[in-house]
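**Student:** My questions are about this predicted structure, shown below with the sequence.
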Amino acid sequence: MVDIIVIIPAYNEADSIAHVINELPKTVSEIIVVNNNSSDETAKNARLAGATVLTENRKGYGYACLCGMDYVAKQSKQPDIIVFIDGDYSDYPEELDKVVAPITENDFDFVVGARKKSLREEGSMTPQQVFGNWLATFLMRLFFRANFTDLGPFRAIKYEKLKELEMEDKTYGWTVEMQLKILRKKMTYTEVPVRYKKRIGVSKVSGTVKGSIFAGIKILGWIFKYSIK
């Protein structure tokens, strides 16, 4: 059986985190919630739902993901696949099997759950999210001949390939850094259309002007950094 570990970065997701954990398929061997300096009961609710809870007090999506990866690296048994999903319940956790299928069935290295417009609940992505995804993936096509259409947070990757990427971004650039390094290292990848709904609570990134601006700067910075290498 394929060994799958899920990493969920979570900042103030007390109302949603148990939903995400409870709806992940039972085929998952461990669910890791990284409590990213939450001021609510995110950690308590995640623990009660059966997840392994880690603490990362440095705020940042990348910090939380790296904390989860560091924990996995220290375990005696290493997984085959790592899945990343947000803790806000905007994705459909039960679609995990569909997201990992290209890896388990067709030996792809990396899969993005692409939030296709036809499968998105109206209002689930802000206009700045839609535009940011379009711009980032357009530039990746332009500079790297990539086939990505989304920077979706619901994604799966072979654990050995994830280690090869040597991820480093601490904040908003995590997703695009991963995809750019997949391209640079010529790993195999594909997308799987996934449903997407309005999140529980307010987004800490796209829900604020400051978050949107900083995320955009980070994403474009990574793309131009790699385009001139």
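**Tutor:** Structure's in. What do you need?
**Student:** Every contact and neighbour count from this point should use C-alpha atoms.
**Tutor:** Noted.
**Student:** low-scoring stretches of this structure, by residue?
**Tutor:** Under the criterion of pLDDT under 70, the regions of the chain flagged as low confidence span 202-215, 227-229.
**Student:** tell me the SS of the spatially closest residue to Ser39 that is not a sequence neighbour?
**Tutor:** Across the structure, with Cα to Cα, 6 or more residues apart in numbering as the measure, the residue nearest Ser39 apart from its sequence neighbours is Asn12 (6.3 Å). For Asn12, the reduced secondary structure class is coil; criterion used: DSSP: H, G, I helix; E, B strand; the rest coil.
**Student:** burial of Asn12, as a residue count?
**Tutor:** As a burial measure, Asn12 scores 21 neighbours (other Cα atoms under 10 Å).
**Student:** same thing with the one 10 residues further on?
**Tutor:** If you count neighbours by other Cα under 10 Å, Asn22 ends up with 15.
**Student:** That one touches Leu48, doesn't it?
**Tutor:** No - with contacts defined as Cα atoms under 8 Å, Asn22 does not count as touching Leu48, sitting 10.6 Å away.
**Student:** Helix, strand, or coil at the residue nearest to the spatial centre of the chain?
**Tutor:** Compute the mean C-alpha point of the chain, and by Cα atoms, centre = their mean the closest residue is Pro153, 3.1 Å away. Three-state call for Pro153 (three-state DSSP): coil.
**Student:** separation between it and Phe143?
**Tutor:** Pro153 is 22 Å from Phe143, where distance means Cα to Cα, to the nearest Å.
**Student:** same deal with Val112?
**Tutor:** From Val112 over to Phe143 (counting by Cα to Cα), the distance is 19 Å.
**Student:** Have a look at the two and say which one is more surrounded.
**Tutor:** The residue with the greater number of neighbours, taking Val112 and Phe143 and applying other Cα under 10 Å, is Val112; the counts read 27 against 14.
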